[in-house]
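*Asks:* With the input below, show me the fold.
(chains A and B)
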Amino acid sequence: MHATRKFLSFVLAFLCLGPLLATASMGQAEAAMIFVTNEKDDTVSVVDSQSLKLVNTIQVGHRPRGIIITPDKKDIIVCLGDDAQLAVIDAQSMKVKRLLDSGPDPELLNISPDGKTLYIANEDDSLVTVMDYKTGQVTQEIPIGVEPEGMGVSPDGSIVVATSESTSMAHFIDTKTYKVIANILVDSRPRYADFTHDGAYVWVTSEVGGTVSVIDAKTHKIVKVIDFEIPGVRPELIGPVGINFTTDGKRAFICLGKANRLAVVDTSTYKVIDYVLVGQRPWHAALSPDGTKLYSANGLTNDITVVDVASLRAEKSVPVGRLPWGLVVRP
Amino acid sequence: MRAEPNTDKQRPVVRFFRSLPIRRRELASGLLALLLGGFVPLIGSALPSAAQQPMPAAQPLQVNILYLSRQYDEPAPLSLTEKVVTDKGVQGARIGIEDTNRTGRFLSQNYRLSEAILGLDEDFKAKAKAALASGANLIIADLEKPDLLALADMPEAKSAVILDIRTSDDSLRQEDCRSNVFHILPSWAMRADALGQYLVWKKWNRWLLITGKNPPDLGYAAAVKRAAARFGAKIVDERSYAYAAGSRRTDTGHQQVQQQMPLLTQSAPPYDVAFVSDESETFGDYLPYRTWDPRPVVGTQGLFAVAWHRAFEEYGGTQLQHRFEREVGRIMTERDYAGWMAVRSIGEAVTHINSVKPADVRAYLLSDKFGVDGYKGESMNFRTWDLQLRQPVLIVDPTELVSISPQEGFLHPKYLTDTLGFDQPESKCRLK
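*Replies:* Just a heads-up that it's a prediction; the model follows:
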């Protein structure tokens, strides 16, 4: 009886797993790769999204933090804060193929939707550096508030929203004129800005303020300030940083730093649906190409956590280097 | 985080800062004007008109902050590797003004620091009264206790907001507290508790207390005893160091120190750490490696508790350290941090209330809306019962960050940082 049940469940498991295994092995040839910057180790860890094994560790330069992938998914660009450079990693060969002079202390960057222009936050210099990606030439330096960090690019590429951490502002920059067209005061230490998929709103996280401000992209008015309350977690430990909208745009995942959780927010009601416990001090996260998984970089536990987007369950943590900061996923 | 103590290899990053209309020269002229008794035109002209104007004003809101200090005698650091610095505090306030003006220019607010650093032979009360009479009411006080209290108790200062950036004396937060004096630096009790929590976490619970003979040494020692009682540590013995400081430069000096320190610490009951209370910095630096038993030294020297230190670069601290070094050309001391923090506190309030009336500023500083970012990874505010700034406290040795208190497991119903220092129920402060 016992043995039969065991056998049956084995068969059942096989039947269920069969298609999964098939897609997995089909996908194997082009398994997605997760690239994680390790601030302390001066490296980028590469984790296979299916086996969840560390497959490569790339030496990149000093203090790697901000990381993006180009729209064509061919290059991965990493800010090297202590080198005043950007490292360009070939997304396939995983080799550093190019170094670009970014201006001092690049912390975070973003790229225009056409892949031609880089927007770099020079944290130590109160500047947004605009760079032509092809030539590596700096074309503009836009003075904003103290300690620029967040760098949201609108879906049509016409507006960049940069945050300045010490000035507590979101600066709207017109990418045609490179003029700052609006300065919006938000809560303390704004670290990240991102546009909703439809470009209608900009979400800005305030790490020390503990909130997310939702700004109307047209009127530049704050339409909502989202607060977080977690039973058993001190308010001062809730430090929102990274934002990831789900593929359908209905939910947003907010990395809450020392609260060790991701908040899941409904983007229409602005209500918090759930808090997902991950590793310690997640600052940034990234979605898998199919949008079903979210990976958080956990700074203090030196790992990344895989969260299932549908069930909101943390499935597994994978060790990477020391002080993982940000990540991107190459399809 | 990589601590890169080396600033020589900094990038050529001055361009933007240099190009901004930084008010260094204005600061200097402000100081001059003030010393010449010219505070009236400085404040008098700008303040009343701006205060009444709603935003956005054609005329920016003028925010005048007075930095008031005296040229006190301070002992030179015992270590020859430490520079003698005579402008601690005010340099931090200046950087704070620059930072705050960066926000201010987007909001049509202009912050200005007037500096009054009086000689010891000058009549402090008369000068302070004159400054108050001419309108100074947002004041950063880099003053020792008697002068601080003299200032706070002047009738003209009744409605002023005074931010104390110099003292750690617990009595100023307890029986001698004043309703117009906010304290930026951690008190002795907060420092001793911060260290005490770390030692208890390490299970180094037996402390040999070694105290200097000056009142501040005894004040800090009292805080150490309080910490031991609170956290279940034991003071196994108390020793007193009675020699005066003397000169830090001598042709042959180490031999005597090498003999003296073992003498001071010999035949002690078993202990884990030598807890030194030498606020006056006369001998504490001589203790490490010279105690009779091989024990670490903690307290005011060795491993110590501070609000700010060069070895700290977490939570964006790198940026403040770099900004300061670039502009000032030396490292940022704890008092500089307090000066910076005082300006930032006023700035944070004025940014949100757009008013320079001291009553409005005070109300906002004490409201639950107030929170200032001091590069400690969390929002900081003031305790309403003694006007002390809540803050995580760094545990450092001369070259490294060792920990940050409060430590894991020390709990409080409201703020974890309220496990450091005098909590509301124990406070003897009665604000009037």
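*Asks:* in chain B, what spans have low per-residue confidence?
*Replies:* In the predicted model, chain B carries pLDDT under 70 at residues B:1-58, B:244-252.
*Asks:* Which residue is most remote from the mean position of it?
*Replies:* residue B:267 (37.0 Å; CA atoms, centre = their mean).
*Asks:* phi, psi of it?
*Replies:* phi 50, psi 40 (degrees, to the nearest 10).
*Asks:* mind listing what it touches?
*Replies:* Taking CB atoms under 8 Å, 6 or more residues apart in numbering or on different chains as the criterion, residue B:267 is in contact with residue B:292. For every residue, glycine as well, the C-beta is placed using N, CA and C.
*Asks:* doesn't residue A:298 make contact with residue A:285?
*Replies:* No: if you go by CB atoms under 8 Å, residue A:285 and residue A:298 don't touch, sitting 9.8 Å apart.
*Asks:* Could you measure from the residue farthest from the centre of chain B over to residue B:286?
*Replies:* 19 Å (CB to CB, to the nearest Å).
*Asks:* Is the host helix or strand of residue A:149 positioned near chain B?
*Replies:* Assigned by DSSP states H and E, residue A:149 belongs to strand A:148-153. No: remark: strand A:148-153 sits outside contact range of chain B, by CB under 8 Å from any CB of the partner chain, the gap being at least 8.7 Å.
*Asks:* who's in contact with residue A:119?
*Replies:* A:109, A:110, A:111, A:112, A:128, A:129, A:130, A:131, A:151, A:153, A:160, A:162.
*Asks:* Work out the gap between the longest helix seen in chain B and the centre of the chain.
*Replies:* Identified as the longest helix of chain B according to DSSP state H is helix B:334-353. Mean-position distance between helix B:334-353 and its chain equals 12 Å (CA atoms, centre = their mean, to the nearest Å).
*Asks:* which of the contacts of residue A:119 has the most neighbours?
*Replies:* residue A:162 (27 neighbours; other CB atoms under 10 Å in any protein chain shown).
*Asks:* Tell me the residues of the stretch 51-200 of chain A that contact chain B?
*Replies:* A:62-63, A:82, A:84, A:104-105, A:123-127, A:141, A:143, A:145-147, A:164-169, A:183, A:185, A:188-189.
*Asks:* repeat that for 7 Å
*Replies:* Along the stretch 51-200 of chain A, the residues adjacent to chain B under the rule CB under 7 Å from any CB of the partner chain are A:62-63, A:82, A:84, A:104, A:123-127, A:143, A:145-147, A:165-169, A:183, A:185, A:188-189.
*Asks:* Return a ChimeraX selection command for the buried portion of the residues you listed.
*Replies:* The ChimeraX selection below is limited to those of those classed as buried (16 or more other CB atoms under 10 Å in any protein chain shown):
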select /A:63,82,84,104,123,124,125,126,127,145,146,147,165,166,167,168,169,183,185,188,189
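*Asks:* So which of the residues of the stretch 51-200 of chain A next to chain B belong to strands?
*Replies:* Among those, the residues falling in strands (DSSP state E) are A:127, A:143, A:169, A:183, A:185.
*Asks:* Using JSON lines, lay out these together with pLDDT and distance to residue B:128.
*Replies:* Formatted as JSON lines, these follow (pLDDT from 0 to 100; distance: CB to CB, whole Å):
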{"residue": "A:127", "pLDDT": "90", "distance to residue B:128": "41"}
{"residue": "A:143", "pLDDT": "92", "distance to residue B:128": "39"}
{"residue": "A:169", "pLDDT": "95", "distance to residue B:128": "36"}
{"residue": "A:183", "pLDDT": "95", "distance to residue B:128": "38"}
{"residue": "A:185", "pLDDT": "94", "distance to residue B:128": "35"}
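*Asks:* End to end on stretch A:206-217, go ahead and measure it.
*Replies:* With CA to CA, to the nearest Å as the measure, the ends of stretch A:206-217 fall 18 Å from one another.
*Asks:* Any chance you could list what contacts that stretch?
*Replies:* A:154, A:159, A:170, A:184, A:186-191, A:195, A:199-205, A:221-228, A:235, A:238-241, A:254, A:257, A:270, B:371, B:373, B:378-379 (CB atoms under 7 Å, 6 or more residues apart in numbering or on different chains).
*Asks:* Now which of these would you call buried?
*Replies:* By 16+ other CB under 10 Å, the contacts of stretch A:206-217 give A:154, A:159, A:170, A:184, A:186-191, A:195, A:199, A:201-205, A:222, A:226, A:228, A:238-241, A:254, A:257, A:270, B:371, B:373, B:378-379 as buried.
*Asks:* Show me what counts as buried in stretch A:255-274.
*Replies:* Buried-residue list, stretch A:255-274, by 16+ other CB under 10 Å: A:255-265, A:267, A:270, A:272.
*Asks:* Mean confidence (pLDDT) on stretch A:34-48, please.
*Replies:* Stretch A:34-48 shows a mean pLDDT of 97.
*Asks:* hang on, the earlier thing: so which of the contacts of stretch A:206-217 sit within strands?
*Replies:* A:159, A:170, A:184, A:190-191, A:195, A:201-205, A:222-227, A:254, B:373, B:379.
*Asks:* can you list the residues that contact the helix or strand encompassing residue B:259?
*Replies:* Taking DSSP H and E as the criterion, residue B:259 maps to helix B:254-265. Residues outside helix B:254-265 that contact it (CB under 7 Å, 6+ apart) are B:208, B:210, B:239, B:241, B:274, B:286, B:287, B:290, B:291, B:292.
*Asks:* in terms of contact, does the first one touch residue B:274 like I think?
*Replies:* In other words, residue B:208. Yes: applying CB atoms under 7 Å, one finds residue B:208 in contact with residue B:274, separated by 5.0 Å.
*Asks:* Please say which of these two ends up with more neighbours.
*Replies:* residue B:274 (28 against 25).
*Asks:* helices or strands up against the helix or strand harbouring that one?
*Replies:* Using DSSP H and E, residue B:274 sits in strand B:273-277. Judged by 3 or more CB pairs under 7 Å, 6 or more residues apart in numbering or on different chains; DSSP states H and E, strand B:273-277 is in contact with strand B:206-211, helix B:215-231, strand B:297-299.
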